[in-house]
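*Asks:* For reference, the sequence and a predicted model appear below.
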Amino acid sequence: MQTFGGISIVNAIPSWYGSSMAIDLKVNVDVEEGHSTFQSSLVKTILDYFRETYNIPELKVNIRSEIPQMSGLKSSSAVSTALIAAISEKFGIEVDIPKLSAILSIKSGVSVTGAYDDATAAYYGGVSFTYNKEFKLIKMENFPEDISILILAIGNRPNIDLKILKKYNLLFEEIFKIALRDIITAMKLNGLAIAEILGYDKEPIISALKNGAIASGISGNGPSIFALCKEGDDGPIYESLSKYGKVIVTRAVEIGDRYRKIDNTR
Ligand SMILES: Nc1ncnc2c1ncn2[C@@H]1O[C@H](COP(=O)(O)OP(=O)(O)OP(=O)(O)O)[C@@H](O)[C@H]1O
Ligand SMILES: O=C(O)C1=C[C@@H](O)[C@@H](O)[C@H](O)C1
């Protein structure tokens with residue numbers, strides 16, 4: 001099963017309201033009967049849940065991922081939705097895939113709110129707007145313009161205290177309201193606020209904005225930095241971000257792109 005990584009529009013940790021955009025970094029997960037030697041805590045929690053609830057046999061999990069881990073690019077939600085989808089498809093089990101992903105992400109300790117915003121974007125594609133406290137999908141839409149997305153991919157997130165974000169619930173709830181009508185402004189405000197609050201270096205963000213990015217900031221809980229621009233305007237932004245590390249150029253994924261890709265191969 002294929003799902004996608006993502007970048008943040010609004011981080012849901014402060015107010016439970018979150019918004020995430022799927023990007024073209026893919027995860028593919030398949031399962032077969034057998035035994036895995038290493039399982040991350042997330043994978044183990046999902047396998048245990050299905051074994052205990054549906055009495056399925058032991059499974060070997062094969063994960064191929066283009067998403068750097070511990071970087072804020074929604075690797076855990078992409079892996080979790082893809083694995084749940086692969087298991088439910090193989091055994092004909094009907095579940096709400098993004099909701100179960102959120103519940104098991106909290107259980108395994110990899111997420112604070114369950115990241116239902118990330119899970120819905122990872123699974124359906126497009127841009128999600130959610131209220132994670134109730135696993136409520138407010139709306140899904142496609143990104144309004146043709147854009148390039150540049151990512152300064154930084155892994156190995158330092159040990160940061162995410163609880164501090166809760167103090168800023170009113171600010172992030174307001175950013176969420178802005179996001180409902182203006183995604184780009186909200187991404188910029190969220191990305192800058194997260195950088196300030198969590199103490200990340202803002203220099204690459206400022207440099208990307210000076211070089212023509214229409215929005216730039218921290219994705220998720222960081223440390224990766226995203227920058228958006230109109231297609232074809234990415235040259236100077238690429239140059240500016242490259243001074244700080246490896247830059248990935250990608251694009252927004254639309255709702256249902258996964259199915260269109262499958263159809264194209266027929
Ligand atoms: N490719 C993967 N294979 C197996 N497990 C994974 C993978 N990616 C993530 N996980 C599981 O999810 C946990 C959290 O991963 P990670 O910190 O990369 O999350 P993230 O989604 O990038 O964070 P953010 O929500 O800030 O974007 C890992 O400790 C691991 O248990
Ligand atoms: O752990 C969580 O609940 C979250 C983590 C980040 O990806 C956030 O961007 C997301 O909105 C929520």
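*Replies:* Yes, it's here. Ligands and ions are numbered 1, 2, ... in the order given.
*Asks:* Helix, strand, or coil at the residue nearest to Leu170 when sequence neighbours are not counted?
*Replies:* Closest residue to Leu170 apart from its sequence neighbours, by CB to CB, 6 or more residues apart in numbering: Ser15 at 7.6 Å. Every C-beta, even on glycine, is put in place using the N, C-alpha and C of the backbone. Assigned with DSSP: H, G, I helix; E, B strand; the rest coil, Ser15 falls in the coil class.
*Asks:* distance of Ser15 from Asn190?
*Replies:* Between Ser15 and Asn190 the distance is 11 Å, computed by CB to CB, to the nearest Å.
*Asks:* hang on, the earlier thing: how near is the residue nearest to Leu170 to Gly72?
*Replies:* Taking CB to CB, one finds Ser15 at 18 Å from Gly72.
*Asks:* So for the two, which sits in the more crowded spot?
*Replies:* When Ser15 and Gly72 are compared for neighbours, Gly72 comes out ahead with 27 against 23, by other CB atoms under 10 Å.
*Asks:* per-residue confidence for that one?
*Replies:* Reported pLDDT at Gly72 in the predicted model: 95.
*Asks:* which SS state does it fall under?
*Replies:* Applying three-state DSSP: Gly72 is coil.
*Asks:* and if you look at Val27?
*Replies:* Per three-state DSSP, Val27 ends up strand.
*Asks:* what about Val249, helix or strand, and which?
*Replies:* strand 247-250 (DSSP states H and E).
*Asks:* Pull the residues that contact that strand.
*Replies:* 23-25, 148-153, 234, 238, 241 (CB atoms under 8 Å, 6 or more residues apart in numbering).
*Asks:* rerun at 6 Å
*Replies:* 23-24, 149-153, 238, 241 (CB atoms under 6 Å, 6 or more residues apart in numbering).
*Asks:* so who does the residue nearest to Leu170 touch?
*Replies:* Applying CB under 6 Å, 6+ apart, the residues near Ser15 are 169, 172-173.
*Asks:* make it 7 Å
*Replies:* 169, 172-173, 176 (CB atoms under 7 Å, 6 or more residues apart in numbering).
*Asks:* Output those as TSV; include the columns neighbour count, pLDDT and distance to Gly220.
*Replies:* What follows is those, written out as TSV (neighbours: other CB atoms under 10 Å; pLDDT from 0 to 100; distance: CB to CB, whole Å):
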residue	neighbour count	pLDDT	distance to Gly220
Asn169	14	98	18
Phe172	27	98	13
Glu173	14	98	18
Phe176	26	98	15
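*Asks:* hmm, stretch 139-154 touching ligand 1?
*Replies:* No - interface with ligand 1: stretch 139-154 contributes nothing (CB under 6 Å from any ligand atom), its closest point being 10.6 Å away.
*Asks:* Alpha carbons of that stretch, as PDB, please.
*Replies:* The C-alpha atoms that make up stretch 139-154 are tabulated as PDB, following Å, rounded to 0.1, in the frame of the first residue of the first chain:
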ATOM      1  CA  LYS A 139     -12.500  19.200   5.200                       C
ATOM      2  CA  MET A 140     -10.000  18.000   2.600                       C
ATOM      3  CA  GLU A 141      -9.000  20.000  -0.500                       C
ATOM      4  CA  ASN A 142      -6.300  20.300  -3.100                       C
ATOM      5  CA  PHE A 143      -3.600  22.900  -2.800                       C
ATOM      6  CA  PRO A 144      -4.900  25.900  -4.700                       C
ATOM      7  CA  GLU A 145      -1.900  26.600  -7.000                       C
ATOM      8  CA  ASP A 146       0.900  24.900  -9.000                       C
ATOM      9  CA  ILE A 147       3.800  25.100  -6.600                       C
ATOM     10  CA  SER A 148       7.200  23.700  -6.100                       C
ATOM     11  CA  ILE A 149       8.100  22.500  -2.600                       C
ATOM     12  CA  LEU A 150      11.700  22.700  -1.500                       C
ATOM     13  CA  ILE A 151      12.700  20.800   1.700                       C
ATOM     14  CA  LEU A 152      15.800  21.300   3.700                       C
ATOM     15  CA  ALA A 153      15.700  17.700   5.000                       C
ATOM     16  CA  ILE A 154      17.200  17.600   8.500                       C
END
